[in-house]
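1. got a predicted model here, sequence first, then my questions.
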Amino acid sequence: MADRAEAAVRGAAGAPVTAAEVRRLVLAASSAWRTQRDLGLTEDGFDVWRKGALWDAVGKASFRALGQREFGLALEAFLKLGGKAVRTAAGSRPAGKWGRTNEAIAAREAGPEGDRRRAEWKLREECREAGGAFGGEGGALAYAEGLLARIHRTTLAAATARQVWQALFTLRARAAKKRRAAETAPGAVLSGGPARGSLG
């Protein structure tokens, strides 16, 4: 089970970026490029500079080739290159609402918190799909939270990505088992035929 959970964490972190995330990266990159150009730090055109900066940050030259974890790293790199972080006595603080929002996204998506957030999103999606076996989405979520409490002695909010994935796999297996049991129960209607045990 641990190997499946680790593979799921890696898989979710490597999932491709969305179109909205690509747009966010393009905006951050163009802002950074203008800043670098205005300071005389580059004479390259936007595309050449962007590909070089992206390669330096994550080892890839295309936004569409990035995974979810690389998205955070790339966004953080472009924010730094664009001077969106301003030094204060308290440390680095992003300038303006756009900078603060993007810096928070970059920090959240680049590390373990991004992995945990993606795992929780998948768990909630699985709860919607498996809700029928547990009396609704809320019942499935309560079952998953119970698993986390019993097995890992934690809550959903405090669980690691690995723990959330393990709860998801257990929930999925239990839902499938409940569905099979319901389908083979005496009196259950099987795909359009008469009820089992009836004379019909």
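-> Perfect, thanks for sending it. Numbering: from 1, shown residues only.
2. tally of neighbours for the nearest residue to K122 once chain neighbours are set aside?
-> Excluding the flanking residues, the one nearest K122 by Cβ to Cβ, 6 or more residues apart in numbering is L168, at 6.1 Å. To be clear about C-beta, it is placed using only N, CA and C from the backbone, and glycine gets the same treatment. Neighbour count for L168, taken as other Cβ atoms under 10 Å: 24.
3. I'd like to know how far the most centrally placed residue in the chain sits from D44.
-> Central residue of the chain (Cα atoms, centre = their mean): R118, 2.6 Å from the mean position. R118 is 34 Å from D44, where distance means Cβ to Cβ, to the nearest Å.
4. can you give me the strands for this protein?
-> Using DSSP state E, the strands assigned to the chain run over residues 85-88, 91-94.
5. check the residue lying closest to P16 once chain neighbours are set aside and give its pLDDT.
-> Once flanking residues are discounted, P16 sits nearest to G67: 6.6 Å by Cβ to Cβ, 6+ apart. Note for G67: predicted pLDDT of 80.
6. with L123 instead?
-> 89.
7. now swap in Y143 and tell me
-> The model's pLDDT for Y143 equals 92.
8. ok, V9 next?
-> 61.
9. same check on the one 5 residues further on?
-> Per-residue pLDDT puts G14 at 65.
10. ok, and the helix or strand in this structure with the lowest average confidence?
-> Lowest on mean pLDDT, DSSP states H and E among the helices and strands of the chain sits strand 85-88, with a mean of 42.
11. about what we covered before: my guess is the residue nearest to the centre of the chain meets F71, correct?
-> No - look at R118 against F71 with Cβ atoms under 8 Å: they stay out of range, at 11.2 Å.
12. from A173, how far out is G52?
-> Per Cβ to Cβ, G52 is found 47 Å from A173.
13. do the same with L75
-> From L75 to A173 the distance is 36 Å (Cβ to Cβ).
14. what do you get for Q166?
-> Per Cβ to Cβ, Q166 is found 11 Å from A173.
15. more neighbours, these two?
-> Higher neighbour count among Q166 and A173: Q166, with 22 against 11, using other Cβ under 10 Å.
16. give me the buried positions along stretch 141-156.
-> In terms of neighbour count (16 or more other Cβ atoms under 10 Å), stretch 141-156 has its buried residues at 141, 143-145, 147-148, 152, 156.
17. kindly report the same for stretch 167-179.
-> Those buried within stretch 167-179 under the rule 16+ other Cβ under 10 Å are 167-172, 174-175.
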